[in-house]
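# Let me see the structure of the following:
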Amino acid sequence: MEAIVSVIRDLGFVQWDPVPVVAPSHHLALWSRVGNFRTSDLDKLLWDEKKVFEHWSHAASIVLTEDYPLHLSLMRRYPGSLSKSWGGWRDRARKFLAQHSELRKKILRELKRGPLQLNEFRDYAGRKRSADGWGFGSDLSTMLFHLQMKGEVMIVGHDRNRNIWGLPEQFLPRWVERKALSEEEAEREGTERSIRALGVASPSNINRYFLRGRYLNLKRALDGLMEESRIHRVHVEEFGGRGDLYVHDRDLSLLESLEFDGWDPRMSLIAPFDNLLAVQEWTRRLFDFHYVHEQFLPEAKRKFGSFVLPILWGERFIGRLDPQMDRKDDRLVINSVHAEPGAPRDKEVASKVAETIERLGDFLGAKEIVYSGRVPSAWKNSLR
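Okay, here's the model as predicted:
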């Protein structure tokens, strides 16, 4: 459990996505860093110890409860805490909240009596779309999203994949610090956390990562942190010097250690919504790797599969895996494996790919791993 908290602290957030084609994406993101862990431990951290909670950070995410003052700063200013990168969302949110003030009061009044699922609210109207064109379904579900962003409601549990909604004052432990950071403090903290998580980051990368689209004066935050030598501007030769890039002062020793040969690379399978893929511009620039969420494409347009896990070997993405967990027969079915151009073709790497897939199967509780014939010819002897 300490390792799970430590990972989320380093990353800032882990994106929540419950789709169980293989396993929920947040389970896979943690597994790739922690190794085999009990998913019940994550549930304990969320619902019993409450050291982490669900909130909208980069997207729907798991974040640290110790960071509550940071998130509370944004909540109390919502929708004014949204930057221009949200487009017309801020004005639409203001209009929606003003027009549906009675619905807000009803929701909060009902939740005072205890947590509820969406369909348990009196104003639940099935899947009727909001007249305002929001993508959340009904006015009720739209209002719950806005109230979550404002910090007036929060997710306090799940019934399968359905959210259970409650009030923060009834759910959060007494030890949680409820004094919000100032706007300037929140932007500086978010900036530092993004730079540390990404390693090297541009202003655009920072804005798209932790506290996505909530930096109203990022330049001021960067200038202040530079002046205090908490961050440093760096030049990456391979990038041609385009744009400003920053590294955190605490990571300078890591940057210097790149000159040594003591690093031992390992192999990982990366979740579809992993933090390594959260900022596509950064992933392409740093790793020369382009990832598309093909599960959102029509089947005929998919190139690699429906739930694709990139294969990371040390500092290179060398392939992609399209797996599916057959829970009826406890089998991990590997629909296809694809090697990236220039990927290593030697037996050692092929064996490590197979071993990593076996570790995934072990984490999922699979009794068998079944391969299709769609595997790279150079890796075929190991992937069967």
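# Mean pLDDT per element in the chain, and the minimum belongs to which helix or strand?
helix 252-257 (a mean of 84; mean pLDDT, DSSP states H and E).
# Residues contacting that one, please?
Identification of contacts with helix 252-257 by C-beta atoms under 8 Å, 6 or more residues apart in numbering yields 199, 232, 234, 247, 263. Every C-beta, even on glycine, is put in place using the N, C-alpha and C of the backbone.
# Buried ones among these?
232, 247 (16 or more other C-beta atoms under 10 Å).
# can you list the contacts of helix 252-257 in CSV and add secondary structure and pLDDT?
Listed next are the contacts of helix 252-257 as CSV, based on DSSP: H, G, I helix; E, B strand; the rest coil; pLDDT from 0 to 100:
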residue, secondary structure, pLDDT
199, coil, 93
232, strand, 96
234, strand, 92
247, strand, 96
263, coil, 72
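# Quick check: the two most widely separated of the contacts of helix 252-257?
Using C-beta to C-beta, the contacts of helix 252-257 span at most 21.9 Å, a distance reached by 232 and 263.
# Would you state the helices of the protein in chain order?
For the chain, the helices defined by DSSP state H occupy 2-11, 25-34, 39-43, 68-77, 89-99, 101-111, 139-150, 168-171, 183-198, 203-208, 218-227, 252-257, 280-287, 347-364.
# Between those, which one is closest to residue 119.
Closest approach to residue 119 among these (C-beta to C-beta): helix 139-150, 9.6 Å.
# average pLDDT for that closest one?
Helix 139-150 carries an average pLDDT of 96.
# Residue numbering should commence at 38 henceforth.
Renumbered: residue one is now 38, and that last one reads helix 176-187.
# and it with helix 138-148, angle?
Between the axes of helix 176-187 and helix 138-148, defined by axes from the mean of the first three to the mean of the last three C-alpha atoms, to 10 degrees, the angle is 80 degrees.
# list the buried ones in helix 176-187?
With burial defined by 16+ other C-beta under 10 Å, the residues of helix 176-187 counted as buried are 176, 177, 178, 179, 180, 181, 182, 183, 184, 185, 186, 187.
# JSON lines please, covering the residues you listed and showing distance to residue 55.
Shown next, in JSON lines, are the buried residues of helix 176-187 (distance: C-beta to C-beta, whole Å):
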{"residue": "176", "distance to residue 55": "24"}
{"residue": "177", "distance to residue 55": "21"}
{"residue": "178", "distance to residue 55": "16"}
{"residue": "179", "distance to residue 55": "20"}
{"residue": "180", "distance to residue 55": "22"}
{"residue": "181", "distance to residue 55": "17"}
{"residue": "182", "distance to residue 55": "16"}
{"residue": "183", "distance to residue 55": "22"}
{"residue": "184", "distance to residue 55": "21"}
{"residue": "185", "distance to residue 55": "16"}
{"residue": "186", "distance to residue 55": "20"}
{"residue": "187", "distance to residue 55": "24"}
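# Check the residue lying closest to residue 331 once chain neighbours are set aside and give its pLDDT.
Nearest residue to residue 331 in three dimensions, chain neighbours excluded: residue 339, at 4.4 Å (C-beta to C-beta, 6 or more residues apart in numbering). Residue 339 carries a pLDDT score of 93 in this model.
# And the one 5 residues further on, by the same measure?
Per-residue confidence for residue 344 comes out at a pLDDT of 93.
# Next, count neighbours for it.
Using other C-beta atoms under 10 Å, residue 344 has 23 other residues around it.
# just residue 373 next, same as before
Residue 373 is flanked by 17 other residues according to other C-beta under 10 Å.
# Same check on residue 306?
23.
# So the closest residue to it other than its chain neighbours versus residue 333, what's the distance?
Leaving aside its chain neighbours, residue 306 sits nearest to residue 346 (4.5 Å; criterion: C-beta to C-beta, 6+ apart). Using C-beta to C-beta, to the nearest Å, one obtains 16 Å as the distance from residue 346 to residue 333.
# likewise residue 40?
Taking C-beta to C-beta, one finds residue 40 at 31 Å from residue 333.
# Looking at these two, which one has more neighbours?
Legend: neighbour count by other C-beta under 10 Å for residue 40 and residue 333, higher for residue 40 (13 against 9).
# confidence score at the more buried one?
98.
# now the residue nearest to residue 331: how far from residue 372?
Going from residue 339 to residue 372 by C-beta to C-beta gives 11 Å.
# next one: residue 140
Residue 140 is 45 Å from residue 372, by C-beta to C-beta.
# now swap in residue 237 and tell me
Relative to residue 372, and taking C-beta to C-beta, residue 237 is found at 35 Å.
# For the nearest residue to residue 83 once chain neighbours are set aside, report the pLDDT, please.
Excluding the flanking residues, the one nearest residue 83 by C-beta to C-beta, 6+ apart is residue 89, at 5.7 Å. Note on residue 89: pLDDT of 98.
# now the stretch 88-237 of the chain, which segments are flagged as low pLDDT?
Counting by pLDDT under 70, the stretch 88-237 of the chain contains low-confidence ranges at 162-173.
# Could you export the least confident helix or strand of the chain as PDB, CA atoms only?
Coordinates of each C-alpha in helix 289-294 appear next as PDB, following Å, rounded to 0.1, in the frame of the first residue of the first chain:
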ATOM      1  CA  LEU A 289      19.800  17.400 -11.600                       C
ATOM      2  CA  SER A 290      21.600  14.500 -10.100                       C
ATOM      3  CA  LEU A 291      19.500  12.100 -12.200                       C
ATOM      4  CA  LEU A 292      20.300  14.100 -15.300                       C
ATOM      5  CA  GLU A 293      24.000  13.900 -14.400                       C
ATOM      6  CA  SER A 294      23.800  10.100 -13.800                       C
END
